[in-house]
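# Below: sequence and its predicted model.
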Amino acid sequence: MQSGPVEIAHLYVHVPFCPTICPFCNFHVLRRRDDLVEAYLKRLDAELATTAQQWPQSGPLKTVYLGGGTPSHLTEDELQRLLASIRRRFVLREDAEIGIEVHPLNVSADRPARWRELGFTRVSVGVQSTQDRVLRTLGRPHDAATAMAALQSVLAVGGWTVNADLIVAVHGQDVAADLHRLAASGVDHLSAYTLTIEEGTALHRQGFTVSEEAERHAVELAAAILPSYGLARYEVSNHARPGHRCAHNLAYWQGRYWFGAGPSATASLPAPAGGRQLLRNAPLDAWLDGTAAHVELLDALDVVRIALLTGLRLAEGVDMAVLEVADAAQEVAAELDGVKQRIARLCAQGRLVRVDARLVVAVDEVVVLERLLAELW
Ligand SMILES: C[S@@+](CC[C@H](N)C(=O)[O-])C[C@H]1O[C@@H](n2cnc3c(N)ncnc32)[C@H](O)[C@@H]1O
Ligand code: SF4
């Protein structure tokens, strides 16, 4: 049971519009239509108002993250309206991290400075690769020169955190070259995602595969190359210079509560009767019509499982205290005992490591994290 006031200090806003739909992506996305954008901004304003009313005690926001989809597909006026909607309904801390995901095709020379003026403190550029062949394989609508020019324009503004998204383990990719070029560009943060072939995507229908060997090789290269540029891995796929970790994503991995707004956005909030609930908004059409979010109430075991499995994604690991449930029912206690036994076995095998009160995934296991987590729970 939750006692005392809870802190909900993070807001995710989903912007579903994209310049083109990439064949590897299964996020909730669609091509822009001006009438839909107008309806989207109005509905978003209403949703933020309702959320703020429902949670008057939530406190100032520490992070706001505009993700997608492609938030940079909105014009400056539209972004200004969206940020004004947020500021009208929520108090933001003065040092709040306000992040935006941008697509290389949306970055003209003058736009980054205007995004900075609007108040964004963190920009993430979807470079994906510095090799034209890889970008073509990924079905991206831009070449490497365009992506790197976009990154340079964002870096040139200064005074904010710049991330580049890279996709690794793509057939025919020179991963080391991509890592070196992006790290040398001067980014503060680098996300290197292993290509996942998601069901329902065009790549999946084409029978595209990613070899485990390519995956392992990519993870090993990132570990060997990025530290020499001052980029330390703090999560499976994420690397940052000191002071530039993504506070918003850290909040997810550390099991904090967050608000979600926009079509298909998720939220993790206190449940009315204690414990936690996960909410998922409807896709665009239904969301525009006012369809309520799908609510999943988490039981005590769900809460522990999510805290343990997401916490283990972090290089700092997870506090073993997440496994302690006060007044656990007999079946819950028995299940947790089983998990603790499996943890002890994985520690004995050297696959998990105890560091004081924390549990950390051994370096060699990071590449097979999903398999390890499946064995654990
Ligand atoms: C919302 S997009 C970023 C902004 C913008 N929409 C773009 O693509 O440039 C989030 C990121 O998720 C990553 N991503 C999406 N689908 C992926 C997949 N199937 N495998 C690996 N990474 C993926 C890409 O690196 C992408 O930049
Ligand atoms: S990768 Fe980015 S641009 Fe491509 S479909 Fe996904 S969200 Fe849209």
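Arrived safely. Ligands and ions are numbered 1, 2, ... in the order given.
# Within range of ligand 2, give me the residues from this protein.
Applying CB under 6 Å from any ligand atom, we find that the chain lies next to ligand 2 at 18, 21-22, 25, 27, 29, 68-70, 103, 126. Glycine gets a C-beta too; all of them are placed from N, C-alpha and C.
# wait, which of these is closest to residue 92?
If you rank these by distance to residue 92 using CB to CB, residue 68 comes first, at 20.5 Å.
# contacting residues for the closest residue to the closest one other than its chain neighbours?
Nearest residue to residue 68, sequence neighbours excluded (CB to CB, 6 or more residues apart in numbering): residue 15, at 4.4 Å. When contacts are counted by CB atoms under 8 Å, 6 or more residues apart in numbering, residue 15 is found next to 40, 66-71, 73-74, 82, 262.
# go again using 6 Å as the cut-off
Residue 15 makes contacts with 66, 68-69, 71, as judged by CB atoms under 6 Å, 6 or more residues apart in numbering.
# And for residue 128?
Listed by CB under 6 Å, 6+ apart, the contact partners of residue 128 are 138, 140, 167.
# Rebuild those residues as CSV, extending it with neighbour count, secondary structure and distance to ligand 1.
Output for the contacts of residue 128, formatted as CSV (neighbours: other CB atoms under 10 Å; DSSP: H, G, I helix; E, B strand; the rest coil; distance: CB to the nearest ligand atom, whole Å):
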residue, neighbour count, secondary structure, distance to ligand 1
138, 18, coil, 9
140, 25, coil, 8
167, 26, strand, 5
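# The residues of the chain next to ligand 2 also near ligand 1: which ones?
The subset of those lying close to ligand 1, counting by CB under 6 Å from any ligand atom, consists of 18, 25, 27, 68-70, 103, 126.
# Narrow the residues you listed to those that are buried.
In terms of neighbour count (16 or more other CB atoms under 10 Å), the buried residues within those are 18, 25, 68-70, 103, 126.
# picking that back up, tell me which entries of the residues of the chain next to ligand 2 lie within strands.
With strands defined by DSSP state E, the entries of those inside them are 18, 68, 126.
# Need the residues you listed in CSV (columns: distance to residue 256 and pLDDT).
Written out in CSV, the entries for those read as follows (distance: CB to CB, whole Å; pLDDT from 0 to 100):
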residue, distance to residue 256, pLDDT
18, 28, 95
68, 22, 94
126, 25, 98
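# Geometric centre of this structure: which residue is closest?
For the chain, the residue lying nearest the average C-alpha position, counting by CA atoms, centre = their mean, turns out to be residue 249 (5.3 Å).
# Give me the average confidence score over the host helix or strand of that residue.
Secondary structure from DSSP states H and E places residue 249 in helix 247-253. Model confidence over helix 247-253 averages 97 on the pLDDT scale.
# residues in contact with it?
Helix 247-253 is contacted by residues 10, 63, 65, 97, 99, 310, 313-314 when judged by CB under 6 Å, 6+ apart.
# residues making contact with whatever helix or strand comes next after it?
Under the assignment DSSP H and E, the closest C-terminal helix or strand after helix 247-253 is strand 257-261. Surrounding strand 257-261, the residues in contact under the criterion CB under 6 Å, 6+ apart are 8, 10-13, 44, 47-48, 51, 266-269.
# for the helix or strand that comes right after strand 257-261, packing partners?
Where DSSP H and E defines the elements, the next helix or strand beyond strand 257-261 is strand 266-270. Packing contacts for strand 266-270, counted by 3 or more CB pairs under 6 Å, 6 or more residues apart in numbering; DSSP states H and E, involve strand 257-261, strand 276-280.
# so which of the ones you listed comes closest to ligand 1?
Closest approach to ligand 1 among those (CB to the nearest ligand atom): strand 257-261, 14.8 Å.
# now that closest one: mean pLDDT?
For strand 257-261, the mean per-residue pLDDT is 97.
# cool, stretch 337-350 as well?
95.
# Repeat that for stretch 362-369.
Rounded to a whole number, the mean pLDDT of stretch 362-369 is 85.
# Please put the alpha-carbon coordinates of that stretch into CSV.
Backbone C-alpha positions of stretch 362-369 (Å, rounded to 0.1, in the frame of the first residue of the first chain) are rendered in CSV as follows:
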residue,chain,number,x,y,z
ALA,A,362,27.6,-9.5,-15.4
VAL,A,363,29.2,-7.7,-18.4
ASP,A,364,29.2,-10.9,-20.6
GLU,A,365,25.4,-11.4,-20.0
VAL,A,366,24.3,-7.9,-21.2
VAL,A,367,24.1,-9.1,-24.8
VAL,A,368,21.8,-12.0,-23.8
LEU,A,369,19.9,-10.0,-21.2
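# Residue ranges of each domain in this protein, please.
Taking automatic domain parsing as the domain assignment, the ranges for the chain are 8-251, 300-377.
# Report the angle between the one helix or strand residue 50 maps to and strand 266-270.
Element membership of residue 50, judged by DSSP H and E, is helix 34-54. An angle of 10 degrees separates the directions of helix 34-54 and strand 266-270 when computed by axes from the mean of the first three to the mean of the last three CA atoms, to 10 degrees.
# Contacts for helix 34-54, please.
For helix 34-54, the external contacting residues (CB under 6 Å, 6+ apart) are 81, 85, 89-90, 259, 261, 288.
# redo that, cut-off 8 Å
For helix 34-54, with CB under 8 Å, 6+ apart as the criterion, the contacting residues are 13, 15-17, 30, 58, 74, 78, 81-82, 85-86, 88-90, 259, 261-263, 284, 287-288, 290.
# before we move on, what about stretch 84-94?
Outside of stretch 84-94, the residues that reach it under the criterion CB under 8 Å, 6+ apart are 9, 11, 13, 41, 44-45, 48-49, 51-52, 58-62, 64, 98.
# Could you rerun that using 6 Å?
Residues from elsewhere that reach stretch 84-94, judged by CB under 6 Å, 6+ apart: 45, 48-49, 52, 60-62.
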